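**Student:** Below is the sequence, then the predicted model.
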Amino acid sequence: MDLATLNTPQREAVTHVAGPLLVLAGAGSGKTRVITFRIAQLLKTGVDPRHIAALTFTNKAAGEMRERVGEILGNKSQANKLTMGTFHSLGLQILKEERKALGFPRGFVIYDTSDQLGVIREILRRLRDGDRRYDVKAILSRISLAKNSFISPDEYSIGEGDEYDEITAEVYGKYQSALKNFAAVDFEDLITEVVHLFENNEDVRARWGAKYRFLMVDEYQDTNRAQLMMIRALISGSNNLCCVGDDDQSIYSWRGADTGNILGFEKMFPGAKVVKLEQNYRSTPNILEAANAVIGHNTDRYGKTLWSAHKPGQNITHVIAPDPGIESRFVAQEIDKMCKDEQWSWKDFAVLYRSNLQAKGIEEEFREKQIPYKMFGGQQFFERKEVKDLIAYLRVSLNPRDEIALRRVLNYPARGIGATTVERLTSFAAGHQMPLWNGIVRVGELDGIRPGIKSAISEFTELINKLGIAIESGSPVVAQTRDLMEKIGLIDDLRSAAPSNKAAQQRIDNVEAFLASLGRHEVKKPGKSALLEYLRNLSLDSNDDEDKEVGNSVTMTTLHGSKGLEFPVVFLIGWEEELLPHARTLMPQAMDIMDMDHVADVSEERRLAYVGITRAQKVLYISRSVARIVRGKQVPRTLSRFLTEIPSELIDERDIEDELQTPVEAEELSSFFANFASQLDD
DNA sequence: GTTGCGTTTATTTTT
DNA sequence: TAAACGCAAC
């Protein structure tokens, strides 16, 4: 480790030891180096690794950080003793260790977003049976924000709120007690319960406050209020806090991130030192100048000016296309050409867009031209319903109170227990004030359920009980799971339910991949409590196996998904008003659904534009269409305001109206007529 | 319990 | 425009 390889502000940050420090790390300014060097430096000066904690937002980031510290030190075992993980994993660790003080049950489970939505749907069903359709996600979003702001169900005001506040106020309290009844905690609880515990139990707070003498936080601009409280408690014994982030790259306020945390750092932590990392090692000066110009239009920022020692580089190409089809074709054609004529390869390129919708046209063109690509984002992971179903069986057998998991598998695969039966069971259980599971077990006492269904229910409970007992007694879990799959005919069901053979095989592969992962874990740590642990971590790790390995292919992702990545050549597509900035942030009715306190504003959209521009190392294209079909109607489009914020001397304009000699294809003709017809409709 | 049809609705998604 | 969803009919 050679401190001389760092620039002056980097070195300042690395060698800072005591007291609060905020490192404002511009895009491409060597942030990771600073964090890892600083940890290594602390260790070198004799700090015990068990006294250092570093918090990130992803497990991947934490893992990479640990690895790099190990490399710098040439000492892996030192690095392994560091506390490095996500806010949520540290929260979980604390909750586990303090389980008794909290009064949590032994096998409490973690509810992920889809479980949370399930809870709310269930409550809504009972509260407003079919009365109206509510946007369940909007309600969840409000509950999450309330929890993260430490607003209790009682305090949740109905006063001047809109109708969503009313329904949320009704649901919130029920939601909390449901989680308690199900022996579950949600993502928010992993942070807020820790904070509550620290507030209510001075001994516990003092113990944890003394445990970490140095705390580091990465991506600090994305922290929310609850996370800030957790940070404050954790450093209460030392005050040695180092936060690294970039206020200009704060793009998750809609998820509850509070930019006030970074902007108010000095007020919150008196005596704080602030270091700005402005030298950029990634992009050409032209690209940086454009980025600086755009972000300069935002107020409420610390203010940084990125600079580079590189040569100016080429101008940005502003591509004007008649419509998105031609825009896409241009992107594909240009990438193809550059790959053939010059020494670029596929992996050097990225196409970035505001919304996933925009990816479709690009994808089509890539397929047509046989350009290899990898798409990130979207819903890939959520789609693994088959895996979640299987996991739900394991969850129920470990914890029959887990009602969401129970409901998920009660009639899956179909065994004749329909909605009516489930409703009967639910009200029976509710009438006796017992968990749904107990009601199901005592189905014999219920009249009016057909004997066939009753026996199906008994078979089901027996199935779960047996699995539970087998796991309890230490029988190998993978073997037991396979046995279960056999009994319930899971594979057959996947085959028959899938729309195609290929899809069926994919689903079976997913299940197999899960079993393999379960097996790997079991070899290392067998037993029931290890399984519980595995399942808990699973919900905190969702993206782990689908990491951003590109191989040699073009990357396609959203602007959000691109944060932290870099590419030699970047295409930013669809720079039009109402796409970037997105219409939802421009329209007042966006307030309907979004939380009043978190209405996305144009400055966050501008930060997204900034993130996009700063992904590019050498070559940057920004494209837009003059017209596009929106909601089935052809509409003219105006260029994004952010494009006009880039000084024109940095831009070469390229109108491709006639440039691409496109063969007139049947498809185009038909779309022409479709547009023509839709215009006639008006 | 499944299928099909008509209706509705269209950001972003680290845990 | 298209895909996702709810509801009604089988």
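**Tutor:** The structure has been received and is ready for your questions. Quick caveat: nothing in here was measured; it's all calculated off a predicted structure.
**Student:** What's the mean pLDDT across the longest helix along chain A?
**Tutor:** Scanning chain A for the longest helix, with DSSP state H as the assignment, gives helix A:501-524. Helix A:501-524 carries an average pLDDT of 86.
**Student:** go on, stretch A:228-235?
**Tutor:** According to the model, stretch A:228-235 has a mean pLDDT of 96.
**Student:** is DNA strand B contacted by it?
**Tutor:** No - applying C-beta under 7 Å from any atom of the strand, one finds stretch A:228-235 separated from DNA strand B by no less than 13.4 Å. (C-beta placed from N, C-alpha, C; glycine too.)
**Student:** centre of the chain versus that stretch, how much separation?
**Tutor:** Relative to the centre of its chain, stretch A:228-235 is centred 22 Å away, using C-alpha atoms, centre = their mean, to the nearest Å.
**Student:** what's the answer for stretch A:370-380, then?
**Tutor:** 17 Å.
**Student:** hmm, who's touching the longest helix of chain A?
**Tutor:** Outside helix A:501-524, the residues within contact range by C-beta atoms under 8 Å, 6 or more residues apart in numbering are A:384, A:386-387, A:390-391, A:476-478, A:481-482, A:485, A:490-491, A:494-495, A:497-498, A:530-531, A:534, A:545.
**Student:** Run through those and flag the ones next to DNA strand C.
**Tutor:** Near DNA strand C, by the rule C-beta under 7 Å from any atom of the strand, you find none of these.
**Student:** Just the buried ones among those, please.
**Tutor:** Burial by neighbour count, judged by 16 or more other C-beta atoms under 10 Å, picks out A:384, A:386-387, A:390-391, A:477-478, A:481, A:485, A:490-491, A:494, A:498, A:531, A:534 from the contacts of helix A:501-524.
**Student:** Grab the nearest non-local neighbour of the closest residue to DNA strand B within the stretch 351-500 of chain A.
**Tutor:** The stretch 351-500 of chain A approaches DNA strand B most closely through residue A:418 (2.0 Å), counting by C-beta to the nearest atom of the strand. Counting by C-beta to C-beta, 6 or more residues apart in numbering, residue A:418 lies nearest to residue A:411, which is 6.9 Å off, once chain neighbours are set aside.
**Student:** Determine the number of other residues adjacent to that neighbour.
**Tutor:** Neighbours of residue A:411 under the rule other C-beta atoms under 10 Å: 17.
**Student:** How about the one 4 residues further on?
**Tutor:** The tally of other residues near residue A:415 (other C-beta under 10 Å) stands at 18.
**Student:** So it, which state does it fall into?
**Tutor:** Going by DSSP: H, G, I helix; E, B strand; the rest coil, the secondary structure assigned to residue A:415 is coil.
**Student:** pretty sure it contacts residue A:460?
**Tutor:** Yes - with contact defined as C-beta atoms under 8 Å, residue A:415 and residue A:460 form a contacting pair (6.6 Å).
**Student:** ok, residue A:272 to DNA strand B distance?
**Tutor:** The gap separating residue A:272 from DNA strand B is 22 Å, by C-beta to the nearest atom of the strand, to the nearest Å.
**Student:** OK, contacts around that residue?
**Tutor:** Counted by C-beta under 8 Å, 6+ apart, residue A:272 has contacts A:19-22, A:265-266.
**Student:** taking those one by one, which sit in helices?
**Tutor:** Using DSSP H, the contacts of residue A:272 in helices are A:265-266.
**Student:** Pick the one among the contacts of residue A:272 closest to DNA strand C.
**Tutor:** Using C-beta to the nearest atom of the strand, residue A:265 is the member of those that sits closest to DNA strand C, with 40.0 Å.
**Student:** what pLDDT does the closest one get?
**Tutor:** Note for residue A:265: predicted pLDDT of 97.
**Student:** Then the one 4 residues further on?
**Tutor:** With respect to pLDDT, residue A:269 scores 96.
**Student:** Can you give me the neighbour number for it?
**Tutor:** Neighbourhood size, residue A:269 [other C-beta under 10 Å]: 19.
**Student:** How about it: what's its closest non-neighbour residue?
**Tutor:** Among residues not flanking residue A:269 along the chain, residue A:20 sits closest, at 3.7 Å (C-beta to C-beta, 6+ apart).
**Student:** Was I right to think that neighbour contacts residue A:274?
**Tutor:** No - Residue A:20 is beyond contact range of residue A:274, at 9.4 Å (criterion: C-beta under 8 Å).
**Student:** Give me the common contacts of these two.
**Tutor:** Shared contacts of residue A:20 and residue A:274, defined by C-beta under 8 Å, 6+ apart, comprise residue A:265.
**Student:** Look at stretch A:410-424 and report the distance between its end residues.
**Tutor:** Taking C-alpha to C-alpha, to the nearest Å, stretch A:410-424 runs 13 Å from one end to the other.
**Student:** For DNA strand C, see how far away the residue of the stretch 351-500 of chain A closest to DNA strand B is.
**Tutor:** Residue A:418 is 10 Å from DNA strand C, by C-beta to the nearest atom of the strand.
**Student:** wait, that residue sits on residue A:424?
**Tutor:** No - taking contacts as C-beta under 8 Å, residue A:418 lies outside contact range of residue A:424: 10.1 Å.
**Student:** Show me what the helix or strand where residue A:287 lies is packed against.
**Tutor:** Using DSSP states H and E, the element containing residue A:287 is helix A:285-295. In terms of contacts (3 or more C-beta pairs under 8 Å, 6 or more residues apart in numbering; DSSP states H and E), helix A:285-295 is packed against strand A:316-321, helix A:602-613, strand A:616-625.
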